[in-house]
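Peer 1: quick one: sequence and predicted model below, then my questions.
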Amino acid sequence: MSKNIIESNKSLVGKKTKKKVLSARFLEIEYQALKKRAKDAGVTLSKFTRAVLLSGKIVQRISKSDAETLRKLSGEANNLNQLARAANKEGFTHVAKDLVNLKAVIVNIINQLSHDWKSYEKSSF
């Protein structure tokens, strides 16, 4: 967690008294990891947790339609495997046309994925 986020939260809060409490349960190993990250950031666990909760990014789970599209893509991987075996056995020229067609199918499937899935960036958690 960068100190910039933590410092910017200080300026937002100022000297106001915090009155609300949020409770969460953690496994011991999770709790120790949070304490270490707060210590590494040079802040209290409370300040660290507040900063993470206020600036953290939540990534939506994959939609049913995207899951179905990914299954289709997986199925095309099997077709690609079969074409690779045929190319090794009979030579590339025998499967070249099929490979071009398969590429078009795969590109079409990838284009069916939602924008969110294609531009997914891993969160820092």
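Peer 2: Arrived safely, thanks for sending. Source: prediction; values computed, not measured.
Peer 1: three-state assignment of Ala24?
Peer 2: coil (DSSP: H, G, I helix; E, B strand; the rest coil).
Peer 1: what's the spacing between it and Asn111?
Peer 2: 40 Å (CB to CB, to the nearest Å). Placement of C-beta: from N, CA and C, glycine included.
Peer 1: which helix or strand lies directly C-terminal to the helix ranked longest in the chain?
Peer 2: Across the chain, the longest stretch assigned as helix under DSSP state H is helix 64-90. The C-terminal neighbour of helix 64-90 among helices and strands, as given by DSSP states H and E, is helix 96-112.
Peer 1: which of the residues in that next one are buried?
Peer 2: For helix 96-112, the neighbour count (16 or more other CB atoms under 10 Å) marks 99, 102, 106, 109 as buried.
Peer 1: coming back round to it: angle of the longest helix of the chain against helix 96-112?
Peer 2: Between helix 64-90 and helix 96-112, the angle formed by their directions is 170 degrees, by axes from the mean of the first three to the mean of the last three CA atoms, to 10 degrees.
Peer 1: check which residues of helix 64-90 are buried.
Peer 2: So, applying 16+ other CB under 10 Å, buried residues of helix 64-90: 66, 69-70, 76, 83, 87.
Peer 1: hmm, back to that, nearest to Lys39 among the buried residues of helix 96-112?
Peer 2: Ile109 (46.1 Å; CB to CB).
Peer 1: please determine how far that closest one is located from Ala84.
Peer 2: For Ile109 relative to Ala84 (CB to CB), the value is 18 Å.
Peer 1: list the contacts of Val95.
Peer 2: Each residue near Val95 by CB atoms under 8 Å, 6 or more residues apart in numbering is listed here: 83, 86-87.
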